[in-house]
Structure formats: C-alpha cells, structure tokens
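>>> Next input, structure requested:
(one chain, ligands or ions: 1)
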Amino acid sequence: MMWQISRARTQARLGLYISSDITIHQLAAKSDESRWTPYYKIPSRDSHQHLRFMTIPLIYLLVAVALGCAVFSLRFSQRETGLPPGPPTVPLVGNLHLLPKMGKLHLKFMEWSRKYGDIVSIKTGSGTMVVLSSPTAIKQVVDKQGWAASSRPANHLADLAAGGYHILFAPDTARLRSIRKTITRFLGPQSSLNRVSVQEAESSQLLNELMTQPENFSESIRRYTHSTARISIYGQRVSSLTTPGVQRFYKILHRFLHISVPGVYPPVDLFPALKYLPERYAPWIAACRRSKSELVKFHAELSMGAKERSTQPNADHQRDPSFMEYISNMGLSEEEYSVSAYGGFTLMEAGSHTIAAFLLSLILILALHPEPQERAREEIESVVGSARLPELDDFKKMPFVDALMKEVVRIRPPFPIGVPHATTSEIRYKNYVLPKNTTVILNIYSIFHNPDIFEDHDVFNPDRFMQTKFGTRPGMDIDFRDNFLFGAGRRICPAQHVAHATMQIVTMRLLWAFQFRSAVDAQTGRPLTRKLDCYAPEFVTMPHPFKCVIELCGEEQRGIITQAFKNAKSVLGAYENENLKA
Ligand code: HEM
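Just a heads-up that it's a prediction; the model follows:
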C-alpha cells in the first residue's frame, strides 16, 4: 500500500491521471479498496468527469517538457561565457556541422583563425575545442601551463582498438609519464647520436634502391623509415618492404589509423550513449576488437623475438641495444616492463610513418622546384665533393640545405594540426577561461601559413630561412621556435632529436646523389607530377601517390653508392633476422 501511495503522490505531483479534487488520503483509501486494480483500467461512465480535469495538467506538462527541451537544446551547445570567440553555434550540435572531413580541417581552422584571432573556440555538441594559432598562444597555454594541458581528448575507439596502451592517445597519467621518461632517455640527444651509424648504413640501401629501381621510390622510402625504426625498437631490420612481416605491420597500422579517422564511424566520444549500442548496430566494436587482437599478437611476437636476441651474446658490440633490450635491463617490475614494451609498437608506428611523410613531401617539392634543388646540391658538393657520401657532421656547414629542409616542413608540416591536447583543469589565457576537458589544437599549419608572419606564405622559398632565423618577416618579435612541427609542452615528440638527425642525413644524401624532376607524359607533354595540394586526408599528412623522375647525378655517385651499400652490410648484418620472413 505504501508503494501505491508514494506512486500516487508522484503522479499527483506530475499532474498525471489524477484529478485535482482527490486528496492523498482519499487516494490511499481508494488504493486500499482497489489494491489489485490497475491504474490503466478503462474508466467507467462516472469517471469521464475525471478525464476532463486530467487533460488540463497534461497539456501543461507537455508544454513544460517542450519548453524544457527547447531551452536545453539552445543552451546545450552554446558557447559558455569566458570562452574565446568562434563561429556562431546552432542548437544541439554547436559548430559540429561546420567541421569538414579530415584532410581539410587545417584549412577550416586557418580560415577561423584569420577571422576570430589566435585563439578560437569551437563547440562540438556539449564539448569544447580551442584552436591556438600563434606561437605566443601555444607558449602561454601549452608550454607554460603544461601541468594542465598535457592530456589527450577521450578517444573511445582508439582505446578499444589499442587496449588503452597507445602512447599518442593516452591520457596524462603517472603510467604515461613513466613510459615517456623511459622513451625520452632512450631517444635523447646523446643516444640519438649512437644511432647514426645504423641510419647511414640503412640510407645507403635506400640510395642503392633509388639508383636501381627509381620508379619504386615510395616503397623504398617506407622500407628505409620502417627498418630504422624497427632496428632501434626491436633490434631487427627489414631488407624488403615485401617481407610478410612488414606487409602485416602496415596492414595492422592502416586498420588502426582508419578507425581513428573522424567520420569513419559515428562520433562516440561526443555522443557517449553510442557506447552502449548492441554490437549488431555498432560495427566499430568488431573493427576495434579485430585491431586490438592483431596489435596484441604482433607486439607479443616482436617483443618475444627482441627478448631472445637480447640474451644472445653481443661481445663485439656490433649491435646498438634496442629499446626492448634497454627496458629489459632497467630492473622494471613485470607490469612496468609489459606497459613500456607495449609503447614500443607506438614508437615503431610513429617512426615509420612520420619521417616517410617528410621524405615523400621533400621529393615531391624538389621535383616541382629545380632551382633551389640545384642550389642545395652545389652547397653539398662544395662541402663534401663528389668522392664520398655526406655524413651527419657535414650538415652544420650547409645553411642552405638546412633552410630547404625547414621550408619543406613549413609548407607541408607532417602534422598540420599537431596531435590534440586536452586540459585537466581550468586554464587562463588573455581574458579567456578554458574549462577542464577542453580539447586544445595546435594549429601548426595556420601559423606556418600566416601572411603576417611569413611573406608569400604559399611560395616555396628556402631563402626566407637564410634571411631570418625562423624564416619570419624581418624584425618580428614573436615567440617562435624551430620545432613546432614536433608539437609542444609535456607531450612534445620524444623522438625529435633522432627524427631530426634522420631527416638531415637523408636530405643531404638524396640531394648529393640524384636529380628529381617532374614526370611528363611522353605523348601529350603534360606534367604527370601532382601539384603540392594533393595530400592524403590522414592524421599524418602524406602526398597522394605521385610520379616523378629520379636520375643519378653522375657515374662517380654510382660507384660510391654501390661501395657504401657493400660496406653497410657489416653494420646491418647484426640486425638481420630470418624470423621476419615468417
Ligand atoms: C618528421 C618526424 C616526426 C614528426 C614531425 C613528429 C611529430 C610529432 C608530434 C606533433 C607529436 C605530438 C606532440 C604533442 O602532443 O604536442 C608527436 C608525438 C610523438 N612522437 Fe613524433 N614526430 C616525428 C617522428 C617521430 C619518431 C621517429 C618517433 C619514434 C621513433 C616518434 C615518436 C613519437 C611518440 C611516441 C609521440 C607521443 C608522445 C606523447 O603523446 O606523449 N615521433 N610527434
């Protein structure tokens, strides 16, 4: 009976069913009489009177609910006070409908930064995204307040697909900070110098392949970046991209990255209710499960192989210790070891993809710009001559090659919008307040293409870096630095020194050995090399597959490359592994 009274009270409060002239006591008595009588019984003739009274509160209720919904939907995705300006919002979605697909996001962010300033807010449903488009904004928000701007936005699908272990997507936790510390020590400036001999040896295979099969330049670049990353993480090289182990890696990587591309699956993080959909209506669950099981299996095999190799004698110290050997000698607990070891896969993935993106952009840009290419080659020859290959130490004597490299990453940064950060508490910048859980975008592309900072920003002109340190307009006093391409704050790329060294070695050697020209259709005379605007819509910006002509600069180069590749076998032999072919 108590249950019925309380139910009756609730219904009375809501104005449902019960006419206003019946008191609770009457109801209690009534409910006692008709203990088993359902409320929904068809009213008798006498009770039609009740229905008349009932309709008025029902209408009130419906109006109230409709008003509530309208107010909720208007406020739900409105820009809160204190946020920076941004495009006008619409109910429920905020600015979501204005966001283009991946690959065009950087252009939209650039348009908004021109209109609203160096800090723009975007409402993504009830969530908030802030886009930073000046060196000062990045310094003040992400570098200086790094304690609160070093997490990552929720990424349910990446978590499902990588079991929560993907460093790039991991939130800022004690576990992540400990893995980062290990990685930074392993890949720090000093230890990156230890890897130079491997990078130089691997690059001689790259040169040899470009000399003998120039049409496969894209595969050769990918093999090179994959092999150098794999050596430093697992102590195992790959001599061909067609090896099943490598093919499998790229398949797994593409499947994983595909899941993370916005728009492929519904935005589960913006509408968390989607997480609870049964699997048959949520195809992403199966895709993530498959990706996770592939990643786990692949990683387990690789780390097992690395562990075995680490127990084999390396008496003559021919092999540099791999990341896996490094962490097995750190005295970590079982749990710490397996978490750090899992980070190895992220390292290999990041190492394979990013530097390949840079090198492919470099080749495309060189093919489209013969004049700066020739000037860089002359500089290299003046330092090195043509009787030996350039080495890392030579780079500091080549200001124009340095300028050319910087201009390539300025015009086509591998991460045009960085990797999103997320705030873990409130952050203030200028008069704005960025609340906890705000996604923070480093709008690198827009900074590199800001006409107030870079004159003729769309023109490939390495000379700008010869005139001023950062290639900016003369006399500008802004918080510029030359590693924006590696991100900012506490999540800055831990491999920037290794990456830089690799980029320098390969850039010098490619220019020393080859001429890159735009391909031309023999029949029509039409250029076949794509323009610079043809970039694949991915997280890391890669040119779409393109054709170009790669020709050896001279016969002297041929002899030196062949000899260097022969000599390299003694360095590379220490990392050869038959198991890889399995
Ligand atoms: C051209 C080469 C590269 C570029 C442009 C690049 C760029 C970046 C950027 C923009 C980030 C995000 C930083 C941030 O959150 O602000 C990042 C993170 C990262 N990079 Fe690199 N990277 C390169 C090469 C590499 C290489 C060779 C490796 C590994 C061997 C690597 C490993 C990582 C890792 C593990 C992270 C995640 C750090 C974290 O989330 O805490 N990167 N990189």
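>>> thought residue 571 was touching residue 198?
Yes: using C-beta atoms under 8 Å, residue 571 is in contact with residue 198, at 6.5 Å. Backbone N, C-alpha and C define where each C-beta goes, glycine included.
>>> Look up how far residue 118 lies from residue 323.
Noted for residue 323: a distance of 38 Å to residue 118, by C-beta to C-beta, to the nearest Å.
>>> Show me which of the two is the more surrounded one.
Neighbours per residue, other C-beta atoms under 10 Å: of residue 323 and residue 118, the larger number sits with residue 323, 25 against 20.
>>> The residue nearest to that one when sequence neighbours are not counted: neighbour count?
Of all residues beyond its chain neighbours, the one nearest residue 323 is residue 233 (4.6 Å), with distances taken as C-beta to C-beta, 6 or more residues apart in numbering. Residue 233 has 27 neighbouring residues, counting by other C-beta under 10 Å.
>>> same check, this time on residue 479
Per other C-beta under 10 Å, the neighbour tally for residue 479 reads 12.
>>> where's the residue nearest to residue 323, which helix or strand?
For residue 233, the host element (DSSP states H and E) is helix 217-234.
>>> any idea which helix or strand comes after that helix?
Counting by DSSP H and E, the next helix or strand C-terminal to helix 217-234 is helix 244-260.
>>> Report the angle between the next helix or strand after that next one and helix 244-260.
Next in sequence after helix 244-260, counting helices and strands by DSSP H and E, comes helix 283-311. Between helix 283-311 and helix 244-260, the angle formed by their directions is 140 degrees, by axes from the mean of the first three to the mean of the last three C-alpha atoms, to 10 degrees.
>>> neighbours around the single nearest residue of the stretch 351-500 of the chain relative to the ligand, how many?
Nearest to the ligand, among the residues of the stretch 351-500 of the chain, is residue 487, at 2.2 Å (C-beta to the nearest ligand atom). The burial metric for residue 487, expressed as a neighbour count using other C-beta under 10 Å, is 19.
>>> Look at the nearest residue to it once chain neighbours are set aside and give its secondary structure.
Counting by C-beta to C-beta, 6+ apart, residue 418 is the residue found nearest to residue 487 once chain neighbours are left out, at 5.2 Å. Classification of residue 418 using DSSP: H, G, I helix; E, B strand; the rest coil returns coil.
>>> Please work out how many residues are found near residue 418.
Number of residues near residue 418 (other C-beta under 10 Å) recorded here: 25.
>>> Was I right to think it contacts residue 447?
No: with contacts defined as C-beta under 8 Å, residue 418 does not count as touching residue 447, sitting 10.3 Å away.
>>> sorry, back to before: helix 244-260 and the helix holding residue 233, what's the angle between them?
Regarding helix 217-234 and helix 244-260, their directions subtend 90 degrees when assessed with the same axes, to 10 degrees.
>>> Using PDB, list the CA coordinates for stretch 462-478.
C-alpha atoms of stretch 462-478 as PDB (Å, rounded to 0.1, in the frame of the first residue of the first chain):
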ATOM      1  CA  PRO A 462      64.000  28.400 -48.600                       C
ATOM      2  CA  ASP A 463      65.800  31.800 -48.800                       C
ATOM      3  CA  ARG A 464      63.400  33.100 -46.100                       C
ATOM      4  CA  PHE A 465      65.300  31.000 -43.600                       C
ATOM      5  CA  MET A 466      68.600  32.400 -44.800                       C
ATOM      6  CA  GLN A 467      67.400  35.900 -44.100                       C
ATOM      7  CA  THR A 468      65.900  35.400 -40.600                       C
ATOM      8  CA  LYS A 469      66.400  32.600 -38.000                       C
ATOM      9  CA  PHE A 470      62.900  31.300 -38.300                       C
ATOM     10  CA  GLY A 471      62.100  32.400 -41.800                       C
ATOM     11  CA  THR A 472      59.700  35.000 -40.400                       C
ATOM     12  CA  ARG A 473      59.400  38.600 -41.700                       C
ATOM     13  CA  PRO A 474      62.400  40.700 -40.600                       C
ATOM     14  CA  GLY A 475      62.100  42.400 -37.200                       C
ATOM     15  CA  MET A 476      59.300  40.300 -35.800                       C
ATOM     16  CA  ASP A 477      59.500  39.700 -32.100                       C
ATOM     17  CA  ILE A 478      57.300  36.700 -31.600                       C
END
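>>> contacting residues around that stretch?
For stretch 462-478, contacts defined as C-beta atoms under 8 Å, 6 or more residues apart in numbering pick out 134-136, 372, 376, 399-400, 402-404, 406-407, 410, 452-455, 480-482.
>>> Give the residue spans of the stretch 1-150 of the chain that score low on pLDDT.
Within the stretch 1-150 of the chain, the segments meeting pLDDT under 70 span 1-56, 65, 67-76.
>>> Apply 90 and report the result again.
Within the stretch 1-150 of the chain, the stretches with pLDDT under 90 are 1-78, 91-93, 96, 100-105, 124-126.
>>> Stretch 457-467: which residues count as buried?
Taking 16 or more other C-beta atoms under 10 Å as the basis for neighbour counts, the residues of stretch 457-467 that come out buried are 457, 460-462, 464-465.
>>> Sorry, wrong one. I was asking about stretch 78-92.
Within stretch 78-92, the residues that qualify as buried are 78-79, 83-84, 86-87, 89-90, counting by 16+ other C-beta under 10 Å.
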